[in-house]
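> got a predicted structure plus its sequence, pasted below:
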Amino acid sequence: MRYEQKITLKNGKEALLRNGSGADGTEVCEVFNATHAETDYLLTYPDENSFTPEEESEYLEKKTESPNEIEIVAFVDGKVAGTAGIEQVGSKDKLSHRAEFGIGILKEYWGLGLGEALTKACIQCAKDAGYAQLELNVVAENAAAISLYKKLGFVEFGRNPRGFKSRISGYQELIYMLLEL
């Protein structure tokens with residue numbers, strides 16, 4: 001999928017949101033590792049990243065060419081500030097109406113409206129792709145993310161008290177949320 005939009009952040013800076021390209025692979029890979037080191041709320045740790053920069057480039061190209069999946073890269077001052085994307089839950093007929101949402105933003109860009117803009121962009125892409133619902137998992141302690149998701153219409157549909165086992169804090173409860181499109 002292809003997407004492009006310019007937005008103004010709360011600090012007055014302009015951000016460009018667009019589908020990733022192969023040329024972005026190295027920087028996106030570096031930012032993935034950085035975002036996953038800055039918070040304990042994401043699925044993996046940097047040392048668990050299985051993508052090389054070359055594989056990241058291939059992944060971004062694959063998402064750009066996909067009719068129903070995307071990885072959107074946010075650029076501020078020409079540098080990658082974060083990414084967000086949607087992926088089909090499964091290719092079987094009974095799952096093809098569902099997409100999963102994921103997001104990661106560098107800490108220096110938190111609180112500037114970038115997360116909301118990326119989430120809205122992914123919601124629009126999910127609608128354009130014809131999905132009936134968009135789903136996500138969020139750590140129960142991540143109040144800022146939960147507040148944003150609720151503001152944008154996501155509702156809780158379940159919890160897993162031992163959804164993550166953090167190296168830092170032990171078990172983390174996951175909240176399952178969805179947005180009907």
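Ah, there it is.

> CA only for contacts and neighbour counts going forward, please
Fine.

> correct me if wrong: residue 166 contacts residue 40.
Yes. Look at residue 166 against residue 40 with C-alpha atoms under 8 Å: they come within range, at 7.2 Å.

> which pLDDT value belongs to the residue nearest to residue 95 when sequence neighbours are not counted?
Nearest non-adjacent residue to residue 95, counting by C-alpha to C-alpha, 6 or more residues apart in numbering: residue 89, 6.3 Å away. As predicted, residue 89 sits at a pLDDT of 97.

> and for residue 89, the neighbour number?
For residue 89, the neighbour count with other C-alpha atoms under 10 Å is 15.

> contacts only, for it.
Applying C-alpha atoms under 8 Å, 6 or more residues apart in numbering, one finds that residue 89 lies in contact with 95-96, 98-100.

> and residue 79, how many neighbours does it have?
Residue 79 has 15 nearby residues by other C-alpha under 10 Å.

> what do you get for the one 3 residues further on?
Residue neighbour count, defined by other C-alpha under 10 Å, stands at 26 for residue 82.

> swap in residue 26?
By the criterion of other C-alpha under 10 Å, residue 26 has 16 neighbours.

> no further queries at this time; thank you.
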